[in-house]
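[1] give me a model of this one.
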Amino acid sequence: MLKFSIIIPVYNSEKYLGQCVNSILKQDYTNFEIILIDDESTDSSAKICDEFTSKDARVITIHQKNGGTSAARNTGLNTCSSDYVMFMDNDDFWDSKTVLSDINKNLLESHADVLMYNTKEYWENTNSVTTPSVQCEREKIYNQNSNDALEYLISKGVYYRAVWAKVIKKELLDKHNIYFAKGIRNEDTDFSAKLILYAKSYDWYDKIFYVYRKGTGTAQTNQKMKFSYIQDLSNIIAKYTDIAEHLSDEKLKMCMLSYLAYPYAVLLAQLQNDGSSEAKDKLIQMKKYLYILKYHLDPSVNKVYMVFRLLGFNMTCKLLGMYLKKI
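    Residues are numbered from 1 along each chain as shown. From the prediction side, this is the model:
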């Protein structure tokens, strides 16, 4: 019976935190701990965390000086005592009571370093749920060569950057000293790239249980994009492209560049929409990484690559910018 740690950074989420935590406490599986890291909330979130801890010993609350999501997650990683680690945003929730028992069964069979799963989006402003249509075959992931499994995940568009779409072996994180980069945005893109470098086995869980809340004031997607955030993403892409180019494993190199191709397309769109002189200069600088789009395992990237082949770099950036404004 494996033990799971669910790490949840908490900041000003009094409206949603109860649903978030209760969706885990309602599980039919009991060997888990919830680590709530209150990041110096200014609403009643800290009190709600303490109330959960007072009622259930499996809920651990840590109050710390505001340091952002990465610092909070790192505190959780240093605190947890489990076989596997999961992450959750404080306004999201699970809509199934059998998540942990099902995943426990999968991982006792596979002992995978990383288990992936799909997620759904809940739009609070319209009270609607968007569920992805993509389906994966577990037999093409579980008990397969790690590079083959990774290639399959990327080709299906489900090797997500988001860490809350993964269950990760704690031993892997400890062995390779994998933590979140502090003081940057797009930390999930960075963290998931590290996993590509070190994970030796993968697994898949079919049930779509993780509900990602959108259309709220607390959701990260609602915050105005700052150029520093875009700069962070460009640095991550440059860093891991360089690492990929020095890999002796050609298949792993291909997988890493294929993983980076999607955030690279997002970066082009963000730079196009920013419109500042800094963004225009950065767009010119990042053009040298255009060859990443040739690694178009991801179906979304394949479409971008086809547009680039037909219309060229500048028009592709403009179209990507227009598309990003609509989603």
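[2] in this protein, where's the longest helix?
    What stands out as the longest helix in the chain, according to DSSP state H, is helix 250-274.
[3] how far off centre is whichever helix or strand comes after that one?
    Using DSSP states H and E, the helix or strand that follows helix 250-274 towards the C-terminus is helix 277-286. In terms of Cα atoms, centre = their mean, to the nearest Å, the centre of helix 277-286 is set 26 Å apart from its chain centre.
[4] what packs against helix 277-286?
    Other elements packing on helix 277-286 under the criterion 3 or more Cβ pairs under 8 Å, 6 or more residues apart in numbering; DSSP states H and E are helix 227-245, helix 250-274. For the C-beta atoms, the positions are set from N, CA and C on the backbone; glycine is no exception.
[5] between the next helix or strand after that helix and helix 250-274, how big is the angle?
    Per DSSP H and E, the first helix or strand lying C-terminal to helix 277-286 is helix 299-311. Relative orientation of helix 299-311 versus helix 250-274 (axes from the mean of the first three to the mean of the last three Cα atoms, to 10 degrees): 70 degrees.
[6] ok, Leu283 touching Ala269?
    No: taking contacts as Cβ atoms under 8 Å, Leu283 lies outside contact range of Ala269: 10.4 Å.
[7] the more surrounded of these two?
    Ala269 (23 against 20; other Cβ atoms under 10 Å).
[8] ok, the more buried one to Lys326 distance?
    11 Å (Cβ to Cβ, to the nearest Å).
[9] re the thing from before, most tightly surrounded among the helices and strands packed on helix 277-286?
    helix 250-274 (a mean of 22; mean count of other Cβ atoms under 10 Å).
[10] tilt between that helix and helix 227-245?
    160 degrees.
[11] and the average pLDDT for helix 250-274 is what?
    Averaged across helix 250-274, the pLDDT comes to 97.
[12] by contact count, what packs against that helix?
    helix 146-155, helix 187-198, helix 227-245, helix 277-286, helix 299-311, helix 313-326.
[13] contacts for the second one, please.
    Okay, so that is helix 187-198. Helix 187-198 is touched from outside by 69-70, 113-114, 150, 159-163, 166, 168, 172, 175-176, 178, 180-181, 184, 233, 236, 239-240, 243, 252, 255-256, 259-260, 263, with contacts defined as Cβ atoms under 8 Å, 6 or more residues apart in numbering.
[14] low-confidence stretches in this structure?
    Confidence mapping of the chain against pLDDT under 70 gives the ranges 216-224.
[15] mind giving me the domain split of it?
    With automatic domain parsing as the criterion, the domains of the chain are listed as 4-221, 224-326.
[16] one step back: of all the helices and strands packed on helix 250-274, which one is nearest Asp38?
    Nearest of the helices and strands packed on helix 250-274 to Asp38, taken as Cβ to Cβ: helix 187-198 at 18.8 Å.
[17] and the closest one, what's buried?
    Buried residues in helix 187-198, counted by 16 or more other Cβ atoms under 10 Å: Glu187, Asp188, Thr189, Asp190, Phe191, Ser192, Ala193, Lys194, Leu195, Ile196.
[18] please apply the same query to stretch 301-316.
    Counting neighbours by 16+ other Cβ under 10 Å, stretch 301-316 gives Val301, Val304, Tyr305, Val307, Phe308, Thr316 as buried.
[19] from the chain's centroid, how far away is that stretch?
    How far stretch 301-316 lies from its chain's middle: 26 Å, per Cα atoms, centre = their mean.
[20] again, but for stretch 133-148
    Here stretch 133-148 is found 19 Å from its chain centre; the criterion is Cα atoms, centre = their mean.
[21] just the CA atoms of that stretch, as PDB, please.
    Extracted in PDB, the C-alpha atoms of stretch 133-148 (Å, rounded to 0.1, in the frame of the first residue of the first chain):
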ATOM      1  CA  SER A 133     -11.100  13.700 -26.300                       C
ATOM      2  CA  VAL A 134      -7.600  12.200 -26.600                       C
ATOM      3  CA  GLN A 135      -7.300   8.600 -25.400                       C
ATOM      4  CA  CYS A 136      -4.100   6.800 -24.600                       C
ATOM      5  CA  GLU A 137      -3.300   3.100 -24.500                       C
ATOM      6  CA  ARG A 138      -1.600   2.200 -21.300                       C
ATOM      7  CA  GLU A 139       0.100  -0.800 -22.800                       C
ATOM      8  CA  LYS A 140       2.100   1.700 -25.000                       C
ATOM      9  CA  ILE A 141       3.400   3.500 -21.900                       C
ATOM     10  CA  TYR A 142       3.600   1.000 -19.000                       C
ATOM     11  CA  ASN A 143       6.500  -1.400 -19.100                       C
ATOM     12  CA  GLN A 144       7.900   0.200 -22.200                       C
ATOM     13  CA  ASN A 145      11.300   1.700 -22.900                       C
ATOM     14  CA  SER A 146      11.200   5.100 -21.300                       C
ATOM     15  CA  ASN A 147      12.000   7.000 -24.500                       C
ATOM     16  CA  ASP A 148       9.400   5.000 -26.400                       C
END
